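Colleague: Below is the structure, and that's it, no one-letter string:
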C-alpha cells in the first residue's frame, strides 16, 4: 500500500459570474451565495463589501479608500486513494489576491480563509449524530476527527500543495455561541484586540487534529472576534496585506451568514457571549437560506459516507493507523 495519496487542485474564479460545480458542497459560503434568483446581485454585493472592508483596514497611503481590490479563487482539492484516477472531492478553500491599483501589482494574499470538507460533514452530521442518537448525554466517538485531520495534514505536506502555495493556510471561522470570550490587553494593528475563550470547543479539538492552532481577534471597527486557525506564527508569518485579505473576505461572509454576531449593533465588550438569537442586528442586502444550509450538511455527510468512507474504509483505516505526520 502507498504511504500517501495523490491530490489534484482545481481553481475557479469567484466573481459575479461564478456558478458552483457539481462537486462543490452547496452549503459552502461562496456556493450558497451563487444560487437562486438573486445570485448575481448577491455575488456583486459580497465582492463590493470585501473590497470596502479591505480598503478600510489598509488605510495607509490610501487617502481615497479605493487603492485595492480583492480577487478570489476557489480551490477544490480532489484525492485519489488507489491511483485509479477516480478522485473524490475532499477540501475546498479560497485563495485571495490583492490588486494594487496604484502600482498595478497583483499580490498573493492568503490561502485557506474559508474551509469546507465532505469528510467533516460526515463526521459532524452523520457519525456524531448517530453516536448520540439514543444516549442521555452528549459524547464524542473514539478517534473522532483523526482521519480528517490526517488527510488535511497529508495534503498540506504534499508536493502538490508545496508547488502551488508559498505559505501555509490560515482558516477563519465564526466564534462559538456556546463559549464566553474575554478581552485581553494584547492588540495587533491589523488583527485587532485579542480575546481568549473560557474553554475549548469541539471545533477547536477537531481543527487541532488537523495540526492547527487557534487565536481569537476582533479587528478594528469590527463588532465581534473571529477565530483564526493557523500553523506556525500567525502574527509574524504573514504580511499585513495577507492578514487583511483574510479578514475582509471572511468577515464579509460572517456578516451575511451570522448577522446576529457580526452585524450586531453593539460591539463585543470585556466579556463576550455570542448569541445567534440576538435581535439587535442589521441584515445585509444579500439573500440566503440558513435553514437549508443545515439540512444540506446531513445530505453531504451521507454522500461522503456512500462514496468515500464505506468504499475505501479498509484502505483508509490502514493508512490512518500508519500515518505519523
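Modeller: Thanks, I have the structure now. The structure presented is a predicted model; accordingly, all values stated were derived computationally and were not measured.
Colleague: so the residue sitting nearest the centre point of the chain is in which element?
Modeller: By CA atoms, centre = their mean, the chain has its centre lying nearest to residue 114, at 2.6 Å. Secondary structure assignment for residue 114, by DSSP states H and E: strand 105-117.
Colleague: Which other helices and strands does that strand contact?
Modeller: helix 29-33, strand 68-80, strand 87-100, strand 170-174, helix 240-257 (3 or more CB pairs under 8 Å, 6 or more residues apart in numbering; DSSP states H and E). Bear in mind the C-beta positions are built from the backbone N, C-alpha and C, glycine included.
Colleague: Give the buried residues for that strand.
Modeller: Using 16 or more other CB atoms under 10 Å as the test for burial, strand 105-117 gives 108-117.
Colleague: Give me the average confidence score over that strand.
Modeller: Taken as a whole, strand 105-117 carries a mean pLDDT of 94.
Colleague: That one pairs with which strands?
Modeller: Sheet pairing of strand 105-117 (DSSP bridges) gives strand 87-100 (antiparallel), strand 170-174 (parallel).
Colleague: by contact count, what packs against the helix or strand that comes right after the shortest one?
Modeller: Once strand 170-174 ends, the next helix or strand along the chain (criterion: DSSP H and E) is strand 181-188. In this structure, strand 181-188 makes packing contacts with strand 192-197, strand 271-272, judged by 3+ CB pairs under 8 Å, 6+ apart.
Colleague: would you list those in CSV and tack on distance to residue 82, mean neighbour count and mean pLDDT?
Modeller: What follows is these, written out as CSV (distance: least, CB to CB, whole Å; neighbours: other CB atoms under 10 Å; pLDDT from 0 to 100):
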stretch, distance to residue 82, mean neighbour count, mean pLDDT
strand 192-197, 41, 19, 97
strand 271-272, 48, 16, 96
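Colleague: measure the closest residue to residue 242 other than its chain neighbours to residue 95 for me?
Modeller: Closest residue in space to residue 242, ignoring its immediate chain neighbours: residue 110 at 4.9 Å, by CB to CB, 6 or more residues apart in numbering. Distance, residue 110 to residue 95, using CB to CB, to the nearest Å: 8 Å.
Colleague: How about residue 207?
Modeller: Taking CB to CB, one finds residue 207 at 20 Å from residue 95.
Colleague: how close does the residue nearest to residue 242 sit to residue 177?
Modeller: Distance of residue 110 to residue 177, computed by CB to CB: 26 Å.
Colleague: Now the element after the helix-or-strand element of the chain with minimal mean pLDDT, going C-ward?
Modeller: Among the helical and strand segments of the chain, the one scoring lowest on mean pLDDT, DSSP states H and E is helix 29-33, with a mean of 61. Following helix 29-33 in sequence order, the next helix or strand is helix 39-57 (DSSP H and E).
Colleague: and the angle for that following helix with strand 105-117?
Modeller: In terms of direction (axes from the mean of the first three to the mean of the last three CA atoms, to 10 degrees), helix 39-57 departs from strand 105-117 by 120 degrees.
Colleague: Show me what counts as buried in helix 39-57.
Modeller: 39, 42-43, 45-47, 49-51, 53-55, 57.
Colleague: where in the stretch 1-150 of the chain is pLDDT low?
Modeller: Applying pLDDT under 70 to the stretch 1-150 of the chain picks out residues 1-3, 20-38.
Colleague: Kindly recompute the last result at 80.
Modeller: 1-4, 16-39, 83-85, 134-135 (pLDDT under 80).
Colleague: now the helices for the stretch 201-325 of the chain?
Modeller: 202-208, 240-257, 259-262, 290-304, 313-322 (DSSP state H, counting those that start in this stretch).
Colleague: Give me the angle between the second one and strand 192-197.
Modeller: Orientation check (the same axes, to 10 degrees): helix 240-257 against strand 192-197 gives 60 degrees.
Colleague: Could I get the contacting residues of residue 284?
Modeller: The contact partners of residue 284, by CB atoms under 8 Å, 6 or more residues apart in numbering, come to 45, 49, 255-256, 259, 263.
Colleague: run the last query once more with 10 Å
Modeller: Residue 284 makes contacts with 42, 45-46, 49, 252, 255-257, 259, 262-263, as judged by CB atoms under 10 Å, 6 or more residues apart in numbering.
Colleague: Need the overlap of contacts for residue 110 and residue 95.
Modeller: In contact with both residue 110 and residue 95: 165, 169, 245, using CB under 10 Å, 6+ apart.
Colleague: Weed out the non-buried ones from these.
Modeller: 165, 169, 245.
Colleague: I'd like the next helix or strand past the strand holding residue 114.
Modeller: Where DSSP H and E defines the elements, the next helix or strand beyond strand 105-117 is helix 118-122.
Colleague: List of residues touching that following helix?
Modeller: Here helix 118-122 makes contact (CB under 10 Å, 6+ apart) with 23, 25, 27, 79, 88-92, 127-128, 145, 147-149, 151-152, 203, 206-207, 210, 296-309, 316.
Colleague: for the record, mean pLDDT for stretch 208-224?
Modeller: Mean predicted confidence for stretch 208-224 is 97.
Colleague: Residue 102 and residue 68 touch, don't they?
Modeller: Yes: between residue 102 and residue 68 there is a contact at 8.6 Å, judged by CB atoms under 10 Å.
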